[in-house]
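Q: requesting a structural model of the entry that follows:
(chains A and B)
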Amino acid sequence: MFRHAAKLLRRPVPTTSPAAAAVSRRPFSSDLPAAETADPAFVEAWKKLIPNIDPPKTPLSFMQPRPATPASIPTKLTVNFVLPYASELSAKEVDMVIVPATTGQLGVLPGHVPTIAELRPGLMSVHDGNDVTKYFVSSGFAFIHANSFADIIAVEAVPIDRIDANLVQKGLAEFTQKVNSASTDLEKAEAQIGVDVHSALNSALTG
Amino acid sequence: MAMAALRREGRRFAPSSPPPLLDASALLIEHHVPFGARSISTQVVRNRMKSVKNIQKITKAMKMVAASKLRAIQIRAENSRGLWQPFIALLGDTPSIDVKKNVIVTVSSDKGLCGGINSTSVRLSKGLHKLNSGPDKEPKYVVVGEKAKVQLIRDSRKHIHLTISELTKIPLNYTQVSVLADDIIKNVEFDALKIVFNKFHSVVSFIPTVSTVLSPEVVEREVESGSGKLGELDSYEIEGGSTRGETLQNLAEFQFSCVMFNAVLENACSEMGARMSAMDSSSRNAGEVLDRLTLTYNRTRQAAITTELTEIISGASALEG
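A: Numbers count the residues shown, from 1 in each chain, chains lettered A, B, ... in the order given. Below you'll find the model as predicted:
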């Protein structure tokens, strides 16, 4: 009998303005404070066709909107460095970031022209004043926006002090041997990837 | 003759009257018992009480298990929330985009007893299907999880393109989900992928969400039309030798795998949370039923004792007086 009571209490109370809804709904989990924006065309179309069910939310309503491009170049670069299992850096203000793009190391300063860069396995360094933090990044993408925001999304990243040089050498030797002894194209490609990653690791440790 | 002897034997072996309270073949309490009958049984009520108590224990245990699993997976889901934000910052979010080939990816659970979250996802998917149906565009379904598959197969069987089950058999990780995303992209032609899942907001509240991932051709088309967020994509330089088309291709695949990873984690969290509340209300309900049954049991027991006493006393007074 009381099973439905919990469901009724859970049902969101319809409010008139989105601002009131934002205030009355206290977030429990560590979500970003929502800006409550949604695509109006989608909500309209949904309400017309399917009036009984509430329209689903879209990711836009769950993230904070980015600031607009400022008139003058800001002094610091805001970096978001995310991995699938953690947000390494979120909205950190730094001086410079060097990312390993496919064409080589790309240095990003505040006021950089907007760019989309694919990353290859290599060394990434974050410079903040005199601190330099170095990570080895496996691959991913880097977006540099006009408002001096840099988003770096990597599949895997480790600080370089956690990499074992001996294992790198062993891996490099193993994969070079595999490249030589590979028979099919697939095996050759896989072995080549191994060689690339290990030689990048090697140069990251030494360079 | 033999029959008469058997009948006599049968009568001699008539069941000797066991104590009336534990008479197994006695009438059930619910039946209309003639006044003064001594065969009132509490066995039935006792059996029911035992089974309800067992149900209460099982649902309490399931709630504990769900709570511990929730704790583990909630951390991972919250850590993965930063993953899709850069894509929205770059490409914007256009769920109302008009494309020919929509593919609705419904994320649901494999196991049941988790409240209404799977039904919500299915209803939303059907709503999206209706929203995007037109003269020459029929959305297709890719179903992840058994529960949504069972519900969608009943009336949308011909629209289901691919089903994936037993995703959560091994703990979720990015490699597994990216292989899955790769499989989906290879097997399905799409202009827009709409991923429907329940976003975990808190233990008692789950927000149905739909994330949109556009194919590189559609992104190119939007960039050229120059409208909205995607129109600004033209101002972005592409680092490296590849063309914008190739980069967008890689970007779309990467975006899909990131969004899927977050969606699957959030849905798993929501499943655990919903299971916790469902099992909690179930054990509370079982407790109430148990209370009511205990009262009935005591009343029956006391009535039987009173009847016994009345008979004895009236028999004794009949002998005296």
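Q: identify, by residue count, the longest strand of chain A.
A: Longest strand in chain A by number of residues (criterion: DSSP state E): strand A:86-94.
Q: can you show me the CA trace of it as PDB?
A: Only the C-alpha atoms of strand A:86-94 are listed here, as PDB (Å, rounded to 0.1, in the frame of the first residue of the first chain):
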ATOM      1  CA  ALA A  86      38.800  10.300 -13.500                       C
ATOM      2  CA  SER A  87      38.900  14.000 -14.200                       C
ATOM      3  CA  GLU A  88      42.600  14.700 -13.700                       C
ATOM      4  CA  LEU A  89      42.300  18.500 -14.100                       C
ATOM      5  CA  SER A  90      39.100  20.300 -14.200                       C
ATOM      6  CA  ALA A  91      39.000  24.000 -14.900                       C
ATOM      7  CA  LYS A  92      42.600  24.500 -13.700                       C
ATOM      8  CA  GLU A  93      44.200  27.800 -14.600                       C
ATOM      9  CA  VAL A  94      47.700  27.300 -16.000                       C
END
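Q: what angle separates the next helix or strand after it from strand A:86-94?
A: Using DSSP states H and E, the helix or strand that directly follows strand A:86-94 along the chain is strand A:96-101. Strand A:96-101 and strand A:86-94 are oriented at 130 degrees to each other (axes from the mean of the first three to the mean of the last three CA atoms, to 10 degrees).
Q: so what touches strand A:96-101?
A: Strand A:96-101 is contacted by residues A:77, A:79, A:105-109, A:117-127, A:137, A:142, A:150, A:152, A:200, B:239-240 when judged by CB atoms under 8 Å, 6 or more residues apart in numbering or on different chains. For glycine as for every other residue, the C-beta is placed from the backbone atoms N, C-alpha and C.
Q: can you give me the strands in the stretch 51-200 of chain B?
A: Per DSSP state E, counting those that start in this stretch, the stretch 51-200 of chain B carries strands over the ranges B:102-107, B:140-144, B:160-164, B:192-202.
Q: go on, chain A?
A: Counting by DSSP E, the strands of chain A are A:77-83, A:86-94, A:96-101, A:104-108, A:115-119, A:122-128, A:131-137, A:140-144, A:149-154, A:157-159.
Q: number of residues surrounding residue A:173?
A: 12 (other CB atoms under 10 Å in any protein chain shown).
Q: gap between it and residue B:105?
A: The gap separating residue A:173 from residue B:105 is 43 Å, by CB to CB, to the nearest Å.
Q: leaving out the residues flanking it, which one is nearest to residue 90?
A: Since you didn't name a chain, this refers to chain A. Distances taken as CB to CB, 6 or more residues apart in numbering or on different chains place residue A:80 nearest to residue A:90, at 5.4 Å, with adjacent residues excluded.
Q: ah, no, chain B please
A: Per CB to CB, 6+ apart, closest to residue B:90 is residue A:143, 4.9 Å.
Q: and if you look at residue B:133?
A: residue B:139 (6.7 Å).
Q: same deal with residue B:63?
A: Nearest residue to residue B:63, sequence neighbours excluded (CB to CB, 6+ apart): residue B:279, at 3.9 Å.
Q: quick one: the one you found and chain A, what's the gap?
A: Here residue B:279 is placed at a distance of 11 Å from chain A (CB to the nearest CB, to the nearest Å).
Q: pLDDT weak spots in the chain?
A: No chain in the question, so chain A it is. A:1-3, A:5-38 (pLDDT under 70).
Q: that's the other chain; I wanted chain B
A: Residue ranges of chain B with pLDDT under 70: B:1-40.
Q: and the helices in it?
A: Per DSSP state H, chain B carries helices over the ranges B:2-12, B:43-79, B:85-91, B:117-131, B:146-156, B:174-187, B:216-225, B:228-231, B:244-320.
Q: can you pull the buried residues of stretch A:119-135?
A: In terms of neighbour count (16 or more other CB atoms under 10 Å in any protein chain shown), stretch A:119-135 has its buried residues at A:119-128, A:133-135.
Q: mind checking if it is in reach of chain B?
A: No: Stretch A:119-135 stays clear of chain B (CB under 8 Å from any CB of the partner chain), getting no nearer than 9.2 Å.
Q: just the CA coordinates of that stretch, formatted as CSV?
A: Provided in CSV are the C-alpha atoms of stretch A:119-135 (Å, rounded to 0.1, in the frame of the first residue of the first chain):
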residue,chain,number,x,y,z
LEU,A,119,46.8,13.0,-30.0
ARG,A,120,49.3,10.3,-30.5
PRO,A,121,51.1,8.5,-27.6
GLY,A,122,53.5,10.9,-26.1
LEU,A,123,54.4,13.3,-23.3
MET,A,124,52.0,15.9,-22.2
SER,A,125,53.2,18.7,-19.8
VAL,A,126,51.3,21.2,-17.9
HIS,A,127,53.2,24.4,-16.9
ASP,A,128,51.9,26.5,-14.1
GLY,A,129,54.4,29.1,-13.0
ASN,A,130,57.4,27.1,-12.1
ASP,A,131,55.6,23.8,-11.6
VAL,A,132,55.7,21.4,-14.5
THR,A,133,53.6,18.2,-14.3
LYS,A,134,54.3,15.6,-17.0
TYR,A,135,52.0,12.8,-18.1
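Q: can you tell me what sits against that stretch?
A: A:79, A:81, A:88-89, A:92-102, A:105, A:136-142, A:152, A:154, A:157-160, A:196-197, A:200-201, A:203-204, A:207.
Q: what does the stretch 201-321 of chain B put close to chain A?
A: B:201-205, B:207-212, B:235-242, B:247, B:250-251, B:254, B:258, B:261, B:277, B:281-282, B:284-285, B:288.
Q: let's see that with 6 Å instead.
A: Within reach of chain A by CB under 6 Å from any CB of the partner chain, the stretch 201-321 of chain B has these residues: B:202, B:204, B:207-211, B:235-240, B:261, B:281.
Q: go through the residues you listed and flag which are in strands.
A: Mapping those onto strands (DSSP E) picks out B:202, B:207, B:208, B:209, B:210, B:211, B:237, B:238.
Q: contacting residues for the last one?
A: Taking CB atoms under 6 Å, 6 or more residues apart in numbering or on different chains, we find residue B:238 in contact with A:116, B:244, B:247.
Q: so who does the last one touch?
A: Taking CB under 6 Å, 6+ apart, we find residue B:247 in contact with residue B:238.
Q: residue A:136 - how many residues pack around it?
A: Per other CB under 10 Å, the neighbour tally for residue A:136 reads 23.
Q: typo on my end, it should be residue B:116
A: Residues near residue B:116, counting by other CB under 10 Å: 13.
Q: isn't residue B:85 up against residue A:65?
A: No: taking contacts as CB atoms under 6 Å, residue B:85 lies outside contact range of residue A:65: 10.9 Å.
Q: near chain B, which residues of chain A?
A: Counting by CB under 6 Å from any CB, the positions of chain A adjacent to chain B are A:3, A:6, A:10, A:28-30, A:39, A:41-42, A:45, A:49-50, A:53, A:56-60, A:63, A:66, A:82, A:84-87, A:101-103, A:113-117, A:143, A:151, A:153.
Q: stretch B:131-148: end-to-end distance?
A: Chord length of stretch B:131-148, first to last residue, is 19 Å (CA to CA, to the nearest Å).
Q: pull the distance from it to the chain's centre.
A: 21 Å (CA atoms, centre = their mean, to the nearest Å).
Q: what do you get for stretch A:92-104?
A: 14 Å.
Q: how many neighbouring residues does residue A:199 have?
A: Neighbour number of residue A:199 under other CB under 10 Å is 16.
Q: what's the neighbour count on the closest residue to it other than its chain neighbours?
A: Leaving out its chain neighbours, the residue that sits closest to residue A:199 by CB to CB, 6+ apart is residue A:172, at 6.3 Å. Around residue A:172 sit 17 other residues, with neighbours defined as other CB under 10 Å.
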